[in-house]
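[1] here is my input, please return the structure:
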Amino acid sequence: DLLELVDDVEEAQAETGNANWGWPVLIVDDDDVHKATELAMQGLRIEGQALNFLHAYSAAEARQVLDRSPGVAVVLLDVVMESEDAGLQLVHQIREVLQMRAV
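    Below is the predicted model of the structure:
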């Protein structure tokens with residue numbers, strides 16, 4: 001009952017008058033999985049809200065996005081990007097430095 005599919009996310013956003021409406025989901029990956037992830041989750045609603053995708057292509061870029069968007073609900077993270085532990089270092093920053101323990 002918590003998940004509901006929406007046929008048209010843009011229409012749902014227009015109804016609320018907010019293009020950034022929904023749960024902020026940050027996709028962090030240096031490969032081409034961003035569009036595939038969006039397509040796989042297209043139209044998904046959680047507790048009546050759609051997903052609002054944010055994108056970063058490196059751990060450093062993800063940190064900048066998180067600094068600007070403290071309300072990120074979920075981070076989909078490739079832990080091996082520009083270095084073998086870049087993603088794990090980002091997890092440490094999210095939890096310990098940014099104190100975003102609910103993500």
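[2] which residues touch the closest residue to Asp78 other than its chain neighbours?
    Once flanking residues are discounted, Asp78 sits nearest to Asp29: 4.1 Å by Cβ to Cβ, 6 or more residues apart in numbering. The way it works is simple: take the backbone N, C-alpha and C, and place the C-beta from them, glycine included. Asp29 makes contact with Tyr57, Leu76, Leu77, Asp78, Met81 under the criterion Cβ atoms under 8 Å, 6 or more residues apart in numbering.
[3] nearest spatial neighbour of the second one, skipping sequence neighbours?
    Spelled out, it's Leu76. Ile27 (5.0 Å).
[4] just Trp23 next, same as before
    Nearest one to Trp23, counting by Cβ to Cβ, 6+ apart, is Ala73 at 4.4 Å.
[5] quick one, what contacts the one you found?
    By Cβ under 8 Å, 6+ apart, the neighbours of Ala73 are Trp23, Pro24, Val25, Val103.
[6] which one of those residues is nearest to Ser69?
    Set against Ser69, the nearest of the contacts of Ala73 by Cβ to Cβ is Pro24 (5.8 Å).
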